[in-house]
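Colleague: Below is the sequence, then the predicted model.
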Amino acid sequence: MPESVSQTQTRGVRNVTVLGAGVIGLTTALKIQQQGGYQVTILAQDFPTDPTTVTYASLSAGAHHVSVAGDDVDQRNIDIETFKTMWELSSPNGEAPGCFKRLRQKEYHREATNLDTLSLMPNYSELAKEDLVPGAISGITYDSVNTDAPIFLNYLLSTFLASGGHIVRGSVLHINQVINGGPGAFADPDVHYPLPDVIVACPGLGAKYLGGIEDKDVYPVRGQTILLNAPWVDFCMSLSGGPDKIWTYVIPRRSGNVIIGGTYEANDWHPRPRPETTRDILNRVLEICPEIAPPEVRAERTPTVEDILPIIVEESCGFRPCRKGGVRLETEWLETSARRIPVVYNYGHGGFGYIACYGSASVAFKLLEEAFAQ
């Protein structure tokens, strides 16, 4: 049970409220809680243990580590830190090997691409022309890590709670509710939560509508995926670029399931998978990766979409929280009639939350410490 205000102040602990429990919110909250000297409470409407919803995009992510930072040095450092952390976690002696699957990644491009960041990945090399898939003009290969999103999110949540963190479910309409009332404004009135000394806002798409933030540069990019039961697939691949800018990908998980996709539909608010999009994804993936079909089918004939339908586990879609101008990682001091406190923003990662989560958490923590130093 959370301590009272007087107990917390006596111990000299700084109270932090993190808004949002997606992959960005969870990694940021865990980072701060594990530093010592902080008591972190996550305040969110959705948590990893809830049923999948279109607005909680973290559960539906493919979540393989393919950085697109290019020559953006800050983003590159964030992505590399995240990869190194996940690589350590995924090792046989790591803390969470069950959340990940290490695989050789093959990435094909239909147009010229900046490969600066990916060239830093383990065992990087360029693919020969004869090894390219139809439509590709170049390709690379390297070792990477795939994340089983639902398992990893619950690992983050359970580790956060085991580290002494707290969670409160609530639908925040305005950030002033949290500044003036803290998590206690949304919790059982018999439980006493201290007011936050700082708020770390990781609301994802919610930043567009949350009062006091209302970031008009935030917009949804709808992504539709298909989960297959295909344990025979033991490689990861993607095809990107071209006039439609669509990524086609195959991402195996440790469980034996494979995520295939996808779509990139800016400002498309349709909340359910479209049947015609499902067939389009299956056709695109089959063209570059017929190995998703059952081996017994491939042994007899060229597989078709109908051969894949029986192994579909689910179809899903989510709204990636994108932002014009890129990620917002900065501090702003907000003031009400009662209080003035710093708010650290960490949102706008779009479809690259898993690629950037640990690195952006480190940046957010640095901003938090700088705010306290003031």
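Modeller: All right, it came through fine.
Colleague: Return stretch 57-68 as PDB; C-alpha atoms alone will do.
Modeller: The C-alpha trace of stretch 57-68 is given here as PDB (Å, rounded to 0.1, in the frame of the first residue of the first chain):
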ATOM      1  CA  ALA A  57      -0.900   0.000 -29.600                       C
ATOM      2  CA  SER A  58       2.000  -1.600 -27.600                       C
ATOM      3  CA  LEU A  59       0.200  -4.900 -27.300                       C
ATOM      4  CA  SER A  60      -0.100  -5.300 -31.100                       C
ATOM      5  CA  ALA A  61       3.400  -4.300 -32.100                       C
ATOM      6  CA  GLY A  62       5.700  -6.500 -34.200                       C
ATOM      7  CA  ALA A  63       8.500  -5.200 -32.100                       C
ATOM      8  CA  HIS A  64      11.700  -6.200 -33.800                       C
ATOM      9  CA  HIS A  65      14.700  -4.000 -33.500                       C
ATOM     10  CA  VAL A  66      15.200  -2.200 -36.900                       C
ATOM     11  CA  SER A  67      16.500   1.300 -36.300                       C
ATOM     12  CA  VAL A  68      15.700   4.000 -38.800                       C
END
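Colleague: show me what contacts residue 66?
Modeller: 105, 107, 118, 144, 238, 355 (C-beta atoms under 8 Å, 6 or more residues apart in numbering). Where you see a C-beta, it was placed from the backbone N, CA and C, and this is true even at glycine.
Colleague: Which element, helix or strand, includes residue 282?
Modeller: Element membership for residue 282 (DSSP states H and E) is helix 275-288.
Colleague: what's the distance between residue 330 and residue 366?
Modeller: Noted for residue 330: a distance of 11 Å to residue 366, by C-beta to C-beta, to the nearest Å.
Colleague: just residue 81 next, same as before
Modeller: Taking C-beta to C-beta, one finds residue 81 at 12 Å from residue 366.
Colleague: which of those two has more neighbours?
Modeller: Per other C-beta atoms under 10 Å, whichever of residue 81 and residue 366 has more neighbours is residue 81, with 18 against 13.
Colleague: Do a quick rundown of the strands in the stretch 51-200 of the chain.
Modeller: Taking DSSP state E, counting those that start in this stretch to define them, one finds strands in the stretch 51-200 of the chain at 100-109, 125-126, 138-147, 166-169, 198-201.
Colleague: And the first one, what's buried?
Modeller: When you say that, I think you mean strand 100-109. 100, 101, 102, 103, 105, 106, 107, 108, 109 (16 or more other C-beta atoms under 10 Å).
Colleague: How about the last one?
Modeller: Judged by neighbour count using 16+ other C-beta under 10 Å, the buried positions of strand 198-201 are 198, 199, 200, 201.
Colleague: Go through the residues you listed and name the one nearest residue 362.
Modeller: residue 200 (12.6 Å; C-beta to C-beta).
Colleague: Including mean pLDDT, could the strands of the stretch 51-200 of the chain go into JSON lines?
Modeller: Shown next, in JSON lines, are those (pLDDT from 0 to 100):
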{"stretch": "strand 100-109", "mean pLDDT": "92"}
{"stretch": "strand 125-126", "mean pLDDT": "93"}
{"stretch": "strand 138-147", "mean pLDDT": "93"}
{"stretch": "strand 166-169", "mean pLDDT": "97"}
{"stretch": "strand 198-201", "mean pLDDT": "98"}
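Colleague: Give the next helix or strand downstream of the least confident helix or strand in the chain by mean pLDDT.
Modeller: The least trusted helix or strand in the chain, going by mean pLDDT, DSSP states H and E, turns out to be helix 5-11, with a mean of 42. Per DSSP H and E, the first helix or strand lying C-terminal to helix 5-11 is strand 14-19.
Colleague: partner strands of that next one, parallel or antiparallel?
Modeller: strand 38-44 (parallel), strand 198-201 (parallel) (DSSP bridges).
Colleague: And the next helix or strand past the last one?
Modeller: So that's strand 198-201. strand 218-229.
Colleague: Next, the distance between the ends of stretch 49-67.
Modeller: 28 Å (C-alpha to C-alpha, to the nearest Å).
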